[in-house]
Each structure stands twice: as structure tokens, then as C-alpha cells.
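Peer 1: With the sequence up front, the predicted model follows.
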Amino acid sequence: MTIDRKRFKNLFSLTGKTAVITGTGGLLGEVYAHALAAAGAAVVLTDLKRERCDGLAACVTSEWGVQSIAVGCDVTQRNDWERLREILCDRFTSVDILVNNAGFTNASRIEGYSDGFDTFPDMAWKSILDVNLTGVFMGCQVIGKMMTEKRTGSIINVASQYGVVSPNHTIYDGTGVSQPVAYSVSKAGVIALTRYLATCWGETGVRVNSLTPGGVFDKHTDPFLTRFSALNPMGRMCDRDELAGAVVFLASDAASYMTGHNLVVDGGWTVW
Ligand SMILES: NC(=O)c1ccc[n+]([C@@H]2O[C@H](COP(=O)([O-])OP(=O)(O)OC[C@H]3O[C@@H](n4cnc5c(N)ncnc54)[C@H](O)[C@@H]3O)[C@@H](O)[C@H]2O)c1
């Protein structure tokens, strides 16, 4: 058997591919947009409001010379996903990569988000599950169908270290940061949904993996920063750029025999 050297050379190339990324108005979506575009993909940037993605789309095109468009899409609304699908069909010959990144996070404001389990409000529970889990379900259903029809594609569902292990509740008191129960549950659900779809679609040519980031530094201050870092084997938070390699890897031919995997990028947090 000969080794396909040409394939090795282009292992991480995404030239000719189209990627859809949700939640690109936030901290990590911007990284995924630049990383996938740098590898050659055309990128479709989506968020609740299109204006959040307009500037980024222009920046990505001028920096990497790839097509980039901004589309408003509320991931909890099936109509929005259907409208996005129509735009994709009009503008692109295929959709090859879907990054379900939109998330209800500390940055999203809802009453009761920081409450402990005993008083956690139903409304916050529903809102978080709606964005973090139902949004991913709908994205996989609508965009995944386009992929299974073409018998090719890579879906990357963004989970969290707190979908793998429970938060250590001792580090949050008095820090302004919180990790609500619904967040952990929704992210564990994302990992389960990913595995379910990987086995459903194993023979269709569509791969479904999850990407699990650890805590990403975003101007965090003490005491949270020191407490968090002390619990991390690498002794620090993740720099957001450190997630770029993982998303390109999962999207590319380099991961062609990987499906149902949860790729953990957490500095070792979940190891001990
Ligand atoms: N930042 C971290 O430390 C970290 C760690 C682990 C996992 N994650 C996950 O990574 C993803 C991105 O995180 P981030 O730090 O960039 O968060 P962020 O809050 O900065 O960005 C999230 C984006 O999702 C968008 N969004 C929220 N609700 C939406 C909806 N209904 N429809 C469409 N878009 C919606 C927001 O407008 C925002 O632009 C999330 O899924 C988050 O749970 C983040």
C-alpha cells in the first residue's frame, strides 16, 4: 500500500469549503471565524443580530481573502434556521462545516442566572437549555440534513469542561462569576447529542464531534483568576487563540476517521 503524500500536505486545508458558525458576536466565535478562514474556508457568521457579525465578516474577507457573509440567526428559532438554510442554498454550492458555538453564558443576562441550585428559576433553566441544547439540536437537524444529502460534512458542537465534570463551587463565591446548574446540564446534553448523531450518521459521511473548551481568559480578575488557576494543572486559563487548532483539526480531513469524539482543550482540568 502506498502512502498518499499529497493528502498529508493538505491535511488541514479547508480551501473550497464553506463553514457556518453560530454566536460569532462573542468571545470565541471570532476566533473560530478567523481560524477557519485562515485555513481557506468561506465563512458564514451568524448571531442573534446580524450587525454583530457585519464588521467581523468584512475583516475576515480583507485579512484572509475568502468569502464571508453575516446572517442574523436566533438559534432557538426554527424559522431562523430555515431562513439561513435558504440563504446558504442561494449563495453556496454546499455547507461543509457547522460550528454550533452560540451559547447562553455569563455574558448573557437573565434574572437568576447566578442563583444556586436551591432557588434556580425555571425561566433561567428554560432559557439556558433553549440556547445551549435546543439550538444545537435544531442546527444539527436543519444544516445536518443539507450535509447528509451531500454525504459529506463536519459538525462541531461546542460543549464545556462543565459538561464533563461539575464546577468546583468553592471558587465562585464573591467573584461575580457563576456556573449555574442549567449550563452544566446543557453542555453534558451537547456531548450526548453529539454521540447520538455520530452513530445515527456514521455511514453518511457526516462527522459529528464536540469541542470542550476549559475556562477562557476574558479580563478575569482576582480572586477568581488565582483560585481557578490553582485548580488547573497548567496553572492558568486558556488563551482564546489556543482553541483555533482544535476547530480546524475537527473540521478538516486530518480528523476524517473521528466522529462522536469530545475533544477536550482544558489545560488538564478534567484529568485530575
Ligand atoms: N468562554 C469560555 O470560557 C467558555 C468555556 C467553555 C465553553 N464555552 C462555550 O463556548 C461558546 C462561546 O462562548 P463565548 O465565551 O464566546 O460566549 P459569549 O457569551 O462571548 O458569546 C456567545 C454568543 O452567542 C450569542 N447567542 C446567545 N444566544 C443566542 C441565540 N439565541 N441565537 C444566536 N446567538 C446567540 C451571543 O449573542 C454571543 O455573541 C459557548 O457555547 C460557551 O458555552 C465558553
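Peer 2: Perfect, thanks for sending it.

Peer 1: from the chain's centre, how far out does the helix or strand harbouring Cys53 sit?
Peer 2: Counting by DSSP states H and E, the element that carries Cys53 is helix 51-64. Remark: helix 51-64 is offset 19 Å from the chain centroid, using Cα atoms, centre = their mean, to the nearest Å.

Peer 1: Is the nearest residue to Thr24 once chain neighbours are set aside in a helix, a strand, or coil?
Peer 2: The shortest distance from Thr24 to any non-neighbouring residue, by Cβ to Cβ, 6 or more residues apart in numbering, is to Leu45 (4.1 Å). Heads up, the C-betas are built off the backbone N, CA and C, glycines and all. Under DSSP: H, G, I helix; E, B strand; the rest coil, Leu45 falls in the strand class.

Peer 1: any idea how far Phe104 lies from Asp222?
Peer 2: 26 Å (Cβ to Cβ, to the nearest Å).

Peer 1: Tell me which of the two has more neighbours.
Peer 2: Phe104 (25 against 10; other Cβ atoms under 10 Å).

Peer 1: sec struct for that one, please.
Peer 2: coil.

Peer 1: Find the closest residue to the ligand in the stretch 101-250 of the chain.
Peer 2: Closest to the ligand within the stretch 101-250 of the chain is Gly103: 2.4 Å, counting by Cβ to the nearest ligand atom.

Peer 1: give me every residue that touches that residue.
Peer 2: If you count contacts by Cβ atoms under 8 Å, 6 or more residues apart in numbering, Gly103 has them with Gly23, Gly26, Val131, Asn132, Val158.

Peer 1: Run through the residues you listed and flag the ones next to the ligand.
Peer 2: Gly23, Gly26, Val131, Val158 (Cβ under 6 Å from any ligand atom).

Peer 1: Now the first one. Nearest residue, chain neighbours left out?
Peer 2: Spatial nearest neighbour of Gly23, excluding adjacent residues (Cβ to Cβ, 6+ apart): Ala102 at 3.0 Å.

Peer 1: ok, now how distant is that neighbour from Lys126?
Peer 2: Note on Ala102: its distance to Lys126, by Cβ to Cβ, is 16 Å.

Peer 1: Between these two, point out the one with more neighbours.
Peer 2: Ala102 (27 against 13).

Peer 1: what's the burial count for the closest residue to the ligand within the chain?
Peer 2: Of all residues in the chain, Gly26 sits closest to the ligand, at 1.9 Å by Cβ to the nearest ligand atom. Applying other Cβ under 10 Å, we find 19 residues neighbouring Gly26.

Peer 1: That's all I had, so thanks and see you.
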